[in-house]
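Chemist: build me a model from this:
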Amino acid sequence: MSEAQAVPQITGKMFLYEKPELLMKEEHGELTMKPASQPFAFASKARAIPVTLSEIPAAMKDYPLIFMSKEQPQLLAVTGLFDDINLFVTDDGKWEETRYVPGYLRRYPFGLAAENNGDRMAIVIDRAFEGLSSDGGVPLFKDGDLTEEAKSAVEYCKGYERDRQMTDQFAKTLMDLDIIQPQTAQYTPQGSTDPVSFAQYFCVDEKKLAEVPDDKLLELRKSGLLPLAYALIMSMGNWRLLLQRRARRFNLTEADIFKPQIVN
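Modeler: Presented below is the predicted three-dimensional model:
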């Protein structure tokens, strides 16, 4: 008597995915999907969201773009300060209009995860997504195959993964040049001459970038990476705007601008 083959499982965690599962017709063949009533509620507590190389020109207009660390230089868009509150997600679970929505969020509830050996990627879906049900939406599968809508989502995930790998290479290039450095965001309250430090982060150091040897700088320019490095520096102007956004969100005075908020 043969034993039933075990269903593959995902080990580890995926950021913002509550219950990631490998997308399979055996497990999800009867599922349909429709838009969520609060499409970005799943990211409402995220203080930073991963972004990729191609997103820098758009994302730099709204967010400080930083690296997680010098040793783990994942590129992130900062979306919150002090509290686990995403300042770009509204109370009704929507993303603030006119602000750039990172691709990491737009691909949800789909995603990609590395298989155990790390050589191949597998399609993942967050089974906890509220838009999944057994009826009333667009089917994920038809006659045993992915529907066109599901295939389109999968292709987006594959494109995102290619861009993410290019982003890793971009970060490695900057690391090799030793221009990713620890930095401090500061704010000087009105009427004061003493700046207050409110965030520690890693980003491209403008002074270090200016000291890069000419041959290496030429390589950066020819590869199209030099403008993106400067774009990261320019995005630092959004720290102050993020503080102002937080003050408006919680109706804070300048004296209370750094005060943590208690939110259920």
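Chemist: mind jotting down where the helices sit in this structure?
Modeler: Secondary structure of the chain (DSSP state H): helices located at 25-28, 56-59, 103-106, 148-176, 206-210, 214-222, 226-234, 238-249.
Chemist: from residue 112, how far off is residue 125?
Modeler: With distances taken as Cβ to Cβ, to the nearest Å, residue 125 is found 11 Å from residue 112. (Glycine included, C-beta is placed from N, CA and C.)
Chemist: between those two, point out the one with more neighbours.
Modeler: In this view residue 125 and residue 112 are compared by other Cβ atoms under 10 Å, and residue 125 has more residues nearby, 26 against 17.
Chemist: just give me the neighbour total for the nearest residue to that one once chain neighbours are set aside.
Modeler: The spatial neighbour of residue 125 that comes closest, neighbours along the chain excluded (Cβ to Cβ, 6 or more residues apart in numbering), is residue 23 at 4.8 Å. By other Cβ under 10 Å, the residues close to residue 23 number 23.
Chemist: show me the contacts for residue 23.
Modeler: Residue 23 makes contact with 110, 122-125, 140, 154 under the criterion Cβ atoms under 8 Å, 6 or more residues apart in numbering.
Chemist: same thing but 10 Å
Modeler: Taking Cβ atoms under 10 Å, 6 or more residues apart in numbering, we find residue 23 in contact with 31, 109-111, 122-125, 127, 140-141, 146, 150, 153-154, 157.
Chemist: how about the helices of the chain, which one is nearest residue 71?
Modeler: For residue 71, the closest of the helices of the chain is helix 148-176, at 8.9 Å, according to Cβ to Cβ.
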